[in-house]
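**Student:** Just to be clear, the model below is a prediction. Sequence and coordinates:
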Amino acid sequence: MSLVSLAISNHRHHRRASISALHRHHPAVPGPPSPDRFPSSVHFPAAAGAQPHGPSRRSLRRCILGSGGRAFVQDAGATAAVLAGAYSLVFTFDTLTQRNLIQQSLSRKLVHILSGLLFMACWPIFSNSIEARYFASLVPLVNCLRLVINGLSLATDEGLVKSVTREGNPQELLRGPLYYVLILILCAIVYWRESPTGVISLAMMCGGDGIADIIGRRFGSQKLPYNHRKSWAGSISMFVCGFMISIGMLHYFSSLGYFRLDWTTTLWQVALISLVATVVESLPTKEVLDDNISVPLSSMLMAFWIFGW
């Protein structure tokens with residue numbers, strides 16, 4: 001036997017002897033486990049002070065609760081900030097209208113354009129949690145409740161009525177403006193920021209349709225042959241502005257990594273969607289179907305057919 005083998009054998013013998021002696025004098029201390037008493041699949045707990053190979057259940061639970069808590073705080077703060085911004089926007093244009101610095105019709109359309117686009121532009125400040133879209137939808141939901149309460153004359157908010165209605169009639173709140181916020185809720189919950197379908201639908205409803213009304217009122221002397229309430233200037237501006245705003249918002253969300261697009265084909269696809277939405281908006285169906293329903297739904301169907309999500 002070599003000197004190395006003899007040293008290893010003596011070390012093992014003295015270690016067993018010391019453990020057995022400790023067990024005889026201190027019965028509470030367990031002796032060395034016998035190999036035949038425990039199956040190989042049983043893992044003994046690590047000694048006190050030893051570092052575990054992975055995170056403990058308590059630390060893992062604390063980590064999960066911590067990340068969930070941070071997401072909740074972020075989403076709640078984002079909701080409060082966007083809601084405050086929405087109220088500030090309406091209050092600003094209401095003040096401008098009362099001081100005769102801007103016409104009521106222009107104020108109403110600017111609120112129509114900016115409120116939806118700014119709401120959509122604020123989506124990235126929400127967290128990546130599943131509940132983030134529902135927090136965001138609380139903003140239009142609060143406005144929806146305001147419209148219903150004032151439209152049913154359960155309360156009176158003259159500033160709200162002047163800002164978003166054509167003739168100052170509270171019952172108008174239950175038509176176009178109510179459809180508007182319902183579409184905002186639909187796109188936020190169903191599509192959110194991971195789909196170009198919702199982005200294009202809101203861009204066409206808010207930007208395209210809103211700008212078409214402003215341009216059509218000022219430069220719309222040449223009316224469409226099949227609808228004398230619409231003009232060539234309004235329809236052309238809706239197509240151009242709706243296309244440009246849609247591309248801008250798509251680039252905004254894609255640059256943040258929410259989806260990827262092949263811009264060579266996306267330009268033609270968005271142009272086709274804008275054309276369909278423009279034709280739908282120009283049809284004489286105002287008395288049957290409001291533009292705040294027909295424009296976003298037609299854009300939604302076309303975008304879903306083209307992009308598939």
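**Tutor:** Cool, got the structure. Numbering: from 1, shown residues only.

**Student:** From S231, how far off is F219?
**Tutor:** 8 Å (CB to CB, to the nearest Å). C-beta coordinates here come from the backbone N, C-alpha and C atoms, glycine included.

**Student:** the more surrounded of these two?
**Tutor:** More neighbours surround S231 than the other of F219 and S231, with 22 against 14 (other CB atoms under 10 Å).

**Student:** what's across from the more buried one in the sheet?
**Tutor:** Here S231 sits in beta bridges with K223, as judged by DSSP bridges.

**Student:** correct me, but it touches S221?
**Tutor:** Yes. Using CB atoms under 8 Å, S231 is in contact with S221, at 7.1 Å.

**Student:** distance of S195 from I189?
**Tutor:** In terms of CB to CB, S195 sits 12 Å off from I189.

**Student:** I misspoke; the intended subject was R99.
**Tutor:** Distance, R99 to I189, by CB to CB: 38 Å.

**Student:** if you count what's nearby, which of those two comes out ahead?
**Tutor:** Using other CB under 10 Å, the more surrounded residue of R99 and I189 is I189, with 13 against 8.

**Student:** wait, what's in contact with that one?
**Tutor:** 133-134, 137 (CB atoms under 8 Å, 6 or more residues apart in numbering).

**Student:** Name the nearest of those residues relative to L147.
**Tutor:** Taking CB to CB as the measure, L147 sits nearest to S137 out of the contacts of I189, at 15.1 Å.

**Student:** does P284 count as helix, strand or coil?
**Tutor:** What DSSP: H, G, I helix; E, B strand; the rest coil gives for P284 is coil.

**Student:** Let me see the domain layout of the chain.
**Tutor:** 70-192, 195-309 (automatic domain parsing).

**Student:** and these, which one is worst for confidence?
**Tutor:** Across the domains of the chain, domain 70-192 has the smallest mean pLDDT, namely a mean of 91.

**Student:** Which secondary structure elements does the helix or strand hosting R146 sit against?
**Tutor:** Here R146 sits within helix 132-151, counting by DSSP states H and E. When contacts are defined as 3 or more CB pairs under 8 Å, 6 or more residues apart in numbering; DSSP states H and E, helix 132-151 packs onto helix 57-98, helix 104-121, helix 158-164, helix 176-186.
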